[in-house]
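J.: sequence first, predicted coordinates after that:
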Amino acid sequence: MRKVFVEVSATFGTDGNITPHAIVWEDGTKYEIDKVIDKKNRASMKAGGLGLRYTCRIENQQAYIFYDGEKWFVEAKV
């Protein structure tokens with residue numbers, strides 16, 4: 001696995017909560033996030049790095065999106 005930094009559209013609430021709404025993949029394809037299922041501090045065991053791990057549903061599939069405090073990334077197959 002490799003770490004891929006992605007653009008994310010998100011809402012940063014006044015209470016400090018961050019809610020991602022869509023990601024833009026490295027080829028420019030935009031994927032809407034259907035639902036945020038869970039949010040926890042976790043490490044990316046497959047690609048390295050740590051931060052807030054969002055478990056999301058995107059196009060009826062579960063995906064993880066990580067926010068390390070500065071950048072968003074996902075785990076991608078090599």
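T.: Yep, it's here.
J.: Gly49: neighbour count?
T.: Using other CB atoms under 10 Å, Gly49 has 14 other residues around it. Bear in mind the C-beta positions are built from the backbone N, C-alpha and C, glycine included.
J.: looking at it, it is touching Trp72, isn't it?
T.: No. Counting by CB atoms under 8 Å, Gly49 stays clear of Trp72, with 10.9 Å between them.
J.: so what sits against both of the two?
T.: Phe66 (CB atoms under 8 Å, 6 or more residues apart in numbering).
J.: which residue is nearest the centroid of the chain?
T.: Closest to where the C-alpha atoms of the chain average out (CA atoms, centre = their mean) is Ile65, at 1.9 Å.
J.: now that one: which helix or strand?
T.: Per DSSP states H and E, Ile65 falls inside strand 61-67.
J.: tell me which residues in that strand are buried?
T.: Buried residues in strand 61-67, defined by neighbour count with 16 or more other CB atoms under 10 Å: 63-67.
J.: surely the residue nearest to the centre of the chain meets Pro20?
T.: Yes. Here Ile65 lies in contact with Pro20, judged by CB under 8 Å, at a distance of 5.9 Å.
J.: any shared contact partners between the two?
T.: Common neighbours of Ile65 and Pro20 (CB under 8 Å, 6+ apart) are 8, 33, 54, 56, 72.
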